[in-house]
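Asks: Just need the structure, nothing else, for what follows:
(2 chains)
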Amino acid sequence: MAKILMKGNEAIGEAAVRAGGLHYFAYPITPQSEVGEYLVKRLPEVGGVFVQAESEVAVGNMLFGAAASGKRVFTTSSSPGISLMQEAISYIAGAHLPAVFINIVRGGPGLGGILPAQSDYFQATKGGGHGDYRLLVLAPSTVQEAVDLVMLAFDLAHKYLNPVMVLGDGMIGQMMEAVEFPESIKETDDPMTMDWPATGCEGRDPRIIKSLYLDPQALEKNSFALADKYKKMKEEEVRYELYKVKDDCQVLLISYGTMARICQTVIDEMEEEGVSVGLLRPITLFPFPENEIREQAWKENIRAVLSVEMSTGQMVEDVDKAVQGRKPVEFYGRTGGIVPSPEEVKDYILKILGKK
Amino acid sequence: MPEAKLKIFERPKSFTDVVTHYCPGCTHGIIHRLIAETIDEYGIRGKTVGVAPVGCSVLIYNYFRTDFLEAPHGRAPALATGIKRVSPELIVFTYQGDGDLASIGMGEIVHAANRGEKITVVFVNNAIYGMTGGQMAPTTMPGQVTTTSPMGRDVSQAGYPIRMSELLSTLRTPAYIERVSVHNPHNVIRAKKAIKKAFKNQMEGKRFTFVEVLSTCPTNWGLTPDEAQNWLEDNMIAFYPLGVFKDTYYDNDEEGQK
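Replies: Model (predicted):
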């Protein structure tokens, strides 16, 4: 299929459709309302379901019910809305159901603002709601990558029977870029061939989809079953990209999403000025490319590791953990909707190197 | 002659062979049975999905031989919306108490009703929070003593009880809303009819059906089962009148023309 120019939010909607994610529940919130406005027209063309709910609390729980069908279900929202969905996300994880949550992050806390931010990293990667669970978190840095990761998110949600979050930011949602989609809508598995969905118990034993275990032995067993899935994710699903990580790099940048693209500009410009800097861009935020960061950071040529974020410092804690104190871990970030410019990142790198 | 024996009473096939955890005299068991009989009589066990609440009846899924989902507190109508919208061939019902539905789940029930979700809601109103040990519910009667209204419900602070059937019947979309009781055999028979009608409406593709069932809680009311049945009749029915509040069916398209 030829490339077309598309706004990030609309491309995300189309990507879900191509992945067979034909069941969408949502509540309007800036800066991602265009997803719903796109899908309300698109889903009826392909026999899909669009429901505008009364709140994000209801959205999360509608997804819970819909996910129990075995079909591909999803929502899109932004930070305050995602906070309201945490109840359902915890239950969905506890009940081992697949669902895709797309968070087009805006600045917080509270009502915050409506401009791009990366301040929901903790919420997305550390659990978010109550209980021992994790989300698999994918972080796109271009509109095309948002398309690819949204499609991947459905596959991973069904592979692990666990909620998956695509963590974009307002920039990814609002930006227009050329994108390419698969020709046709993916054929998804028939729920009747699965051994867990609530399809009606005709010809089989009834199924109970729940997260309640009053017996502590049983609850512990369920929690460790979840933990086993997260271990497997750590072994099989870590995704990242290296940019100009060379033998003469003095500083290793760690950055994801929109911020990582700005870091690429920083690296290109500094290269011309004779300062070698490289980037490791996590694509999965959980599982975090911890070993890969450690491997790069420990190389002799690296003088410091710098986490660059659109937050006051969240991912840097995981970077710090990965580097294990062997190299200095620095942080640079802006937030509230302010996206750091290449110049200020460059200045900070020069400062680390004692050149400013 | 053994062949001539006629079976006139048996355990519904939609029940599992499990003893319930309900207190003596509690009417949850009767209401469960009315639903199970309905599912049996319509032959829909294989395509029915129940949604359990949080409260005394949270474990309802252990007693039914149908698929079941366990919802967060108050959210059963949202779960039911989700699964019914993506699998419209299923028959979906929620079973919710008054704390679940009329307090924490008020948003979900009102909007599911107003969207006209093709689900059946069985709302069990016993005027108290049972499972947590007898606290004041939005449906607790004025002056009724509970652990969080030890001097009796004070309407100057807590307001009057919420009448859910009346409240929901102000909405235009729902197809069928009735309040029944199960405190004596006569009313049990009427309750069965209402539950059957609600399921029938759903099977015919009609929009949102709701049966409120007045129920007893001898344990938390501090009464014997007999006294509890009398208390329900003497106190609750005057405030929560029995009857059909809505029995109209607007087809989507016809409705648009009016």
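
Asks: List, one by one, the residues from chain A near chain B.
Replies: Within chain A, the positions lying close to chain B (Cβ under 8 Å from any Cβ of the partner chain) are A:23, A:25, A:49, A:51, A:53-55, A:57-58, A:60-69, A:71, A:73, A:87-88, A:91, A:95, A:198-203, A:206-212. C-betas here are computed from N, CA, C, even on glycine.

Asks: Of these, which count as buried by neighbour count?
Replies: The neighbour count (16 or more other Cβ atoms under 10 Å in any protein chain shown) marks A:23, A:25, A:49, A:51, A:53-55, A:57-58, A:60-69, A:71, A:73, A:87-88, A:91, A:95, A:198-201, A:206-212 as buried among the residues of chain A next to chain B.

Asks: gap between the two ends of stretch A:103-114?
Replies: End-to-end distance for stretch A:103-114: 13 Å, by Cα to Cα, to the nearest Å.

Asks: list the buried ones in the longest helix seen in chain B?
Replies: Longest helix of chain B, by residue count under DSSP state H: helix B:185-203. Under the neighbour-count criterion of 16+ other Cβ under 10 Å, helix B:185-203 has B:187-188, B:190-192, B:194-199, B:201-202 buried.

Asks: Which residue is the nearest non-sequential neighbour of residue B:105?
Replies: Sequence neighbours aside, residue B:74 is the residue nearest to residue B:105 in space, at 2.5 Å (criterion: Cβ to Cβ, 6 or more residues apart in numbering or on different chains).

Asks: Got the phi and psi for the residue in the stretch 51-200 of chain B positioned nearest to chain A?
Replies: Nearest residue of the stretch 51-200 of chain B to chain A: residue B:82, at 2.8 Å (Cβ to the nearest Cβ). The phi/psi pair for residue B:82 (degrees, to the nearest 10) reads phi -60, psi -50.

Asks: Can you tell me the closest non-neighbouring residue to residue 233?
Replies: By default, I'm working from chain A. Once flanking residues are discounted, residue A:233 sits nearest to residue A:287: 4.9 Å by Cβ to Cβ, 6+ apart.

Asks: Please refer instead to chain B.
Replies: Counting by Cβ to Cβ, 6+ apart, the residue nearest residue B:233 is residue B:183, at 5.7 Å.

Asks: what do you get for residue A:22?
Replies: Of all residues not flanking residue A:22 in the chain, residue A:48 sits nearest, at 3.4 Å (Cβ to Cβ, 6+ apart).

Asks: Count the residues that sit near that neighbour.
Replies: 20 (other Cβ atoms under 10 Å in any protein chain shown).

Asks: what sits against it?
Replies: Applying Cβ atoms under 8 Å, 6 or more residues apart in numbering or on different chains, we find residue A:48 in contact with A:17, A:22, A:23, A:24, A:39, A:42.

Asks: In terms of secondary structure, what does the helix or strand harbouring the fourth one contact?
Replies: Assigned by DSSP states H and E, residue A:24 falls within strand A:23-26. For strand A:23-26, the helices and strands in contact under the criterion 3 or more Cβ pairs under 8 Å, 6 or more residues apart in numbering or on different chains; DSSP states H and E are helix A:33-45, strand A:49-52, helix A:56-67, strand A:73-77, helix B:76-86.

Asks: So which of these is nearest residue B:209?
Replies: Residue B:209 lies closest to helix B:76-86 among these, at 11.6 Å (Cβ to Cβ).

Asks: Would you map the strands across the stretch 201-350 of chain A?
Replies: Taking DSSP state E, counting those that start in this stretch as the test, the strands found in the stretch 201-350 of chain A are A:208-209, A:240-243, A:251-254, A:277-282, A:284-286, A:304-309, A:329-333.

Asks: Any chance of JSON lines for those, columns mean pLDDT?
Replies: Listed next are the strands of the stretch 201-350 of chain A as JSON lines, based on pLDDT from 0 to 100:
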{"stretch": "strand A:208-209", "mean pLDDT": "98"}
{"stretch": "strand A:240-243", "mean pLDDT": "98"}
{"stretch": "strand A:251-254", "mean pLDDT": "98"}
{"stretch": "strand A:277-282", "mean pLDDT": "98"}
{"stretch": "strand A:284-286", "mean pLDDT": "98"}
{"stretch": "strand A:304-309", "mean pLDDT": "98"}
{"stretch": "strand A:329-333", "mean pLDDT": "98"}
